[in-house]
Structure formats: structure tokens, C-alpha cells
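1. With the sequence up front, the predicted model follows.
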Amino acid sequence: LEVARTIGRNMKKYVLVVTKSTVPVGTAQKVKATIQEELDKRHEEIEFDVASNPEFLKEGDAVDDFMKPDRVVVGVESEKAKDIMERLYKPFMMNNYRLIFTDIPSAEMIKYAANSMLATRISFMNDIANLCELVGADVNMVRKGIGADSRIGSKFLYPGCGYGGSCFPKDVKALIKTAEKNGYPMRVLEAVEEVNEKQKSVLFEKLLKHFKGDIKGKQVAMWGLAFKPETDDMREAPALVLIDKLLESGVTVKVYDPIAMKECKRRVGDKIVYAADIYDAVLDADALLVVTEWKEFRMPSWGMLKKTMKEAVIFDGRNIYDKQELQENGFSYTCIGK
């Protein structure tokens, strides 16, 4: 809104004001009203338009997503604004990339609805995974079976120890809040959020169960701090919940992440130990928790791990290892949904 005020104070001719940020539904109208207020104060009558052009960039893949978008969503109110946005995106449309024009509230809603749907798929699969464990099913087989249905598809059906990051948690909360303000409860999304918060503790619960509740004084290694690979983003990361729970239980925590260590130090400080690499992290560890599915965690030397760990116990929060292979190498292995 401060930017809108600045535009209103300084504009001299027609402008199209485009919101790129993910903002609650109705923000464009506030921006429009704010600019108009400033023009009224100046007693100026200058034509302008507002548009909503939400970004759909994935952390770690932003440049690719920008150059080759699945779709470009633009909310406009006038033909003039539509024409400007069409010309702006023309170079990206050479290979038939989809440019979708909508009204402004719909464009704002599309971003929230898309992220909320993806978050819903993750929480749904985590719920299914937890039930699979109880009934003796294998969630990976279930995932493949339902993902083969063309109406469902295979993306975002991977169970794990919860989603984090800057988008899903914030956008789910924002949509619930928007609905609340309009007197409508988003029951499905409330459940999505609740399941996700509980899922962030699932590795801790498995650790507790393995050691029959006696974990005080144990040393636990943690591989992965960022909420997902290819980023150092720790906003709402499951790792933060795990670190808190482990420290509260009197556990020594030693962590390693390829790029998120500095961010973790900023957030957590020196309450935990920072390792030089994956093998340093597991030195004398009673257990290893795999929290982020970085590529460099996929094929460690099991022999080296077995030698350096105090106890050969692994809790895989991202289902990246083969249970049989680990058991053949003498590890106690626990994952999600098996």
C-alpha cells in the first residue's frame, strides 16, 4: 500500500500497476483505492489500471519456471490492461505457453487455491501413510497405484515428515483467514494444516518409540535442515520442530545440510552442533534422522556409517532408501508409511 501511495503521488500519465506478490484476495482493489486517494489529494484526473499477475515459481527452479511457465495468470479489468500484458508476455508465448486472463479476484484466488491443493495432496498422503503403517500396507505401492489414475496423477503424492517453506503454510493460513472473514469455514484446509503440524513430529515419535521413551543423553544426527532440497530456506521447516523436541528431551543434536547451516545458525544458534559433512554428523550417533532429500544423501557408504555410528539406527523422513538394502547392511531402518 505504501508503494501504491508513492505511485499515486508521483504518476504523471497512464500507468498499469501490476501486483506480482501473493496477496490476499481483494488486495488489488485496495491498491486501486489507495492510488485514487492520492490522485484525489492532488486534484488530478489521470487514467490508470491495476492487474494481478501472481508468480508460480518453485524455490530452486525459479529461472526455469519463469522462462518456461506452465501457465501465466493475469487478472485485468480493462482491454487496455489486457493488451499491455499480452505484449509483455508475447516473447514467452512463442511455444504456446498458456496465458490465462481472468478477473482480478479470480487471479488472486488461483494462486492460493493452487498452493492449497498441493498442500492438501501432501497432507492426504501423510494421513494415508500413517494408516498404512497401522494396517500393514506399503504407502509407496499405494502411491503408485493411485498415481496411475489419470484423474489423480503422480505429483505431490510423496509422504514425508511434513511440508514447510514460505508458500504452502502461509497460503493455506491466508485462505483459511480469508474464508473466516467472509463467514465461511474451510474445513478441509483446517485439517490439512492440522495433519501437517502433527506430521512434523513423526520422526521424533518414531525415535521415542524405538528407544522405549528413553532418549535423554542420546546423540542424534540430522541430515537436512532446509524445508526442501536446492534451497537454504528454513521457514516452517520440519527440522526446526524436530530440533526443539530433541533439545527439550535432553538429546545432543548434530546437524548437516549442504547449504542451510548458516541459516540454521541464525535461527537456532549454538544449541546444536554443526557438522562438516554427512559422516562427521553421524560420528558416535545413536540414531540418524533424514529430514531433507538432498541428492548427496541418497547413496552414502553404509559401511562407513556402520563404523562411525554408535548404533546403526536410521529414521528416514523422506523415504529415499531401500528398507531391504539397509537391513542387509545391519541397520534398523524406519521410514514413513511402511
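-> Sure, I can see it. This is a predicted model, so every value here is computed, not measured.

2. Could you chop this structure up by domain?
-> Listed domain ranges for the chain are 2-102, 110-198, 200-334 (source: automatic domain parsing).

3. Would you pull up how far stretch 88-104 lies from the middle of the chain?
-> On the basis of CA atoms, centre = their mean, to the nearest Å, stretch 88-104 sits 26 Å off its chain's mean C-alpha point.

4. end to end, how far does it reach?
-> End-to-end distance of stretch 88-104: 18 Å, with CA to CA, to the nearest Å as the criterion.

5. Repeat that for stretch 33-53.
-> From its first residue to its last, stretch 33-53 covers 18 Å (CA to CA).

6. got a markdown table for the domains of the chain, with mean pLDDT too?
-> Output for the domains of the chain, formatted as a markdown table (pLDDT from 0 to 100):
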| stretch | mean pLDDT |
| --- | --- |
| domain 2-102 | 93 |
| domain 110-198 | 96 |
| domain 200-334 | 97 |
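
7. Throw those domains into CSV and include mean neighbour count, thanks.
-> C-beta here means a position set from N, CA and C on the backbone, and glycine is covered the same way. As requested, the domains of the chain are exported to CSV (neighbours: other CB atoms under 10 Å):
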stretch, mean neighbour count
domain 2-102, 15
domain 110-198, 17
domain 200-334, 19
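
8. isn't there a helix covering residue 137?
-> No: going by DSSP: H, G, I helix; E, B strand; the rest coil, the assignment for residue 137 is coil, not a helix.

9. what about the residue in the chain sticking out farthest from the centre, which SS state?
-> No residue in the chain sits farther from the centre than residue 43, which is 45.9 Å out by CA atoms, centre = their mean. Under three-state DSSP, residue 43 falls in the coil class.

10. Give the bridge partners for residue 219, please.
-> Judged by DSSP bridges, the bridge partners of residue 219 are residue 252.

11. OK, contacts around it?
-> Residues near residue 219 by CB atoms under 8 Å, 6 or more residues apart in numbering: 251, 252, 253, 254, 284, 285, 286, 310.

12. go again using 7 Å as the cut-off
-> Residue 219 makes contact with 252, 254, 284, 285, 286, according to CB atoms under 7 Å, 6 or more residues apart in numbering.

13. ranges for the strands of the stretch 101-250 of the chain?
-> For the stretch 101-250 of the chain, the strands defined by DSSP state E, counting those that start in this stretch cover 219-223.

14. which residues of it fall in helices?
-> With helices called from DSSP state H, counting those that start in this stretch, the stretch 101-250 of the chain shows them at 104-135, 139-147, 168-181, 187-199, 202-210, 238-248.

15. would you turn those helices into a markdown table with distance to residue 16?
-> Output for these, formatted as a markdown table (distance: least, CB to CB, whole Å):
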| stretch | distance to residue 16 |
| --- | --- |
| helix 104-135 | 12 |
| helix 139-147 | 41 |
| helix 168-181 | 25 |
| helix 187-199 | 33 |
| helix 202-210 | 47 |
| helix 238-248 | 40 |
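
16. out of the ones you listed, nearest to residue 90?
-> Closest approach to residue 90 among these is made by helix 104-135 (19.0 Å; CB to CB).

17. quick one: that closest one to helix 187-199, angle?
-> With axes from the mean of the first three to the mean of the last three CA atoms, to 10 degrees defining the directions, helix 104-135 sits at 50 degrees from helix 187-199.

18. Figure out how far helix 104-135 is from the centre of its chain.
-> Offset of helix 104-135 from its chain centre (CA atoms, centre = their mean): 11 Å.

19. any idea how far the residue nearest to residue 67 when sequence neighbours are not counted lies from residue 104?
-> Once flanking residues are discounted, residue 67 sits nearest to residue 92: 7.3 Å by CB to CB, 6 or more residues apart in numbering. According to CB to CB, to the nearest Å, residue 92 and residue 104 sit 21 Å apart.

20. now swap in residue 82 and tell me
-> For residue 82, the distance to residue 104 (CB to CB) stands at 12 Å.
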